[in-house]
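Colleague: pasting the sequence and the predicted coordinates here, then a few questions.
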Amino acid sequence: MAASNSRAPFTRDDPLLLTDALTDEERLVQQTAQAYCQDRLLPRVLTANREERFDREIMSEMGELGLLGCTIDGYGCV
């Protein structure tokens, strides 16, 4: 007789299933950050690393998106 396996399937993108614990607002922050990182940040970081320089504009963009932490309510942020 085969044993029953009630575990959720493993997902590489979220191995600890943390997304399931997020509120809708937290998911929006996560999706915003992920889209920015994939679309705008990754190509520029690769280039900046090759050229041994820091792209200061990245910090301004992340601030405009509210991703620097000070605008997030809760989690010990003011």
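Modeller: Yes, it's here.

Colleague: buried residues in the longest helix anywhere in the chain?
Modeller: For the chain, the longest helix by residue count, based on DSSP state H, is helix 24-36. By 16 or more other CB atoms under 10 Å, the buried positions in helix 24-36 come out as Tyr36. In short, each C-beta sits where N, CA and C put it, glycine included.

Colleague: and it, how far from the chain's centre?
Modeller: 7 Å (CA atoms, centre = their mean, to the nearest Å).

Colleague: do the same with stretch 42-53
Modeller: On CA atoms, centre = their mean, the centre of stretch 42-53 falls 19 Å from the chain's centre.

Colleague: pull the CA atoms of it into PDB?
Modeller: Taking Å, rounded to 0.1, in the frame of the first residue of the first chain, the C-alpha atoms of stretch 42-53 are listed here in PDB:
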ATOM      1  CA  LEU A  42      19.500  43.600 -13.800                       C
ATOM      2  CA  PRO A  43      20.900  44.800 -17.100                       C
ATOM      3  CA  ARG A  44      22.300  48.000 -15.500                       C
ATOM      4  CA  VAL A  45      23.900  46.200 -12.600                       C
ATOM      5  CA  LEU A  46      25.600  43.700 -15.000                       C
ATOM      6  CA  THR A  47      27.000  46.600 -17.100                       C
ATOM      7  CA  ALA A  48      28.100  48.600 -14.000                       C
ATOM      8  CA  ASN A  49      29.800  45.600 -12.600                       C
ATOM      9  CA  ARG A  50      31.800  45.100 -15.800                       C
ATOM     10  CA  GLU A  51      32.700  48.700 -16.000                       C
ATOM     11  CA  GLU A  52      33.500  48.900 -12.200                       C
ATOM     12  CA  ARG A  53      31.100  51.800 -11.600                       C
END
